[in-house]
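Participant: No letters, just coordinates:
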C-alpha cells in the first residue's frame with residue numbers, strides 16, 4: 001500500500017471516530033434535556049399519579065420511562081430504515097419526509113391534551 005493511501009485511510013478513520021464521538025455527545029445532551037423537562041411533562045399529563053413537581057422528581061413510573069424510551073426507539077427506527085429509503089427514493093426526498101414527520105410529531109406533542117396523543121407525537 002502506498003503512503004498516500006495509508007494517510008488518506010487514517011484521515012477517514014479519524015473523521016469517523018470524531019463523528020461518532022460528536023453523535024454520542026449530542027445524544028447525551030438530548031437525553032439530559034429531556035430528563036430535565038420530564039417532571040414538567042409528568043405534571044402536565046398526570047404521570048405517576050400526579051402531584052407536585054417535587055413529588056414527581058422522586059417518583060418512578062412506566063409513563064416517565066416510556067417518554068425517554070421513545071427517543072431511543074425513534075432513533076433506532078430512523079437508523080434502520082432511513083438508509084434504505086434514501087437509497088430507494090433519493091436523499092432529498094427522504095430528508096424532506098423525515099422533516100415533515102418530525103415537525104408533525106412535535107406539533108402533536110405541543111397540542112396534546114391526553115397521553116395517547118402525546119405518545120403518538
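Facilitator: Alright, I've got the coordinates. Keep in mind that what you see is a predicted model, and the values were worked out from it rather than measured.

Participant: which residues touch the closest residue to residue 85 other than its chain neighbours?
Facilitator: Nearest-residue entry for residue 85: residue 94, 4.6 Å, with adjacent residues in sequence omitted and distances by C-beta to C-beta, 6 or more residues apart in numbering. To be clear about C-beta, it is placed using only N, CA and C from the backbone, and glycine gets the same treatment. When contacts are counted by C-beta atoms under 8 Å, 6 or more residues apart in numbering, residue 94 touches 82, 85, 86.

Participant: in the chain, which helix or strand is least confident?
Facilitator: helix 53-58 (a mean of 62; mean pLDDT, DSSP states H and E).

Participant: Tell me which helix or strand comes right after that helix.
Facilitator: Downstream of helix 53-58, the first helix or strand assigned by DSSP states H and E is helix 62-89.

Participant: so after that next one, what's the next helix or strand?
Facilitator: Of the helices and strands lying after helix 62-89 in sequence (DSSP H and E), the nearest is helix 91-111.

Participant: how far off helix 62-89 does that next one point, in degrees?
Facilitator: If you take axes from the mean of the first three to the mean of the last three C-alpha atoms, to 10 degrees, helix 91-111 sits at 160 degrees to helix 62-89.

Participant: From the chain's centroid, how far away is helix 91-111?
Facilitator: Relative to the centre of its chain, helix 91-111 is centred 13 Å away, using C-alpha atoms, centre = their mean, to the nearest Å.

Participant: need the next SSE after it, C-terminal direction.
Facilitator: Scanning forward in sequence from helix 91-111 by DSSP H and E, the next helix or strand is helix 115-120.
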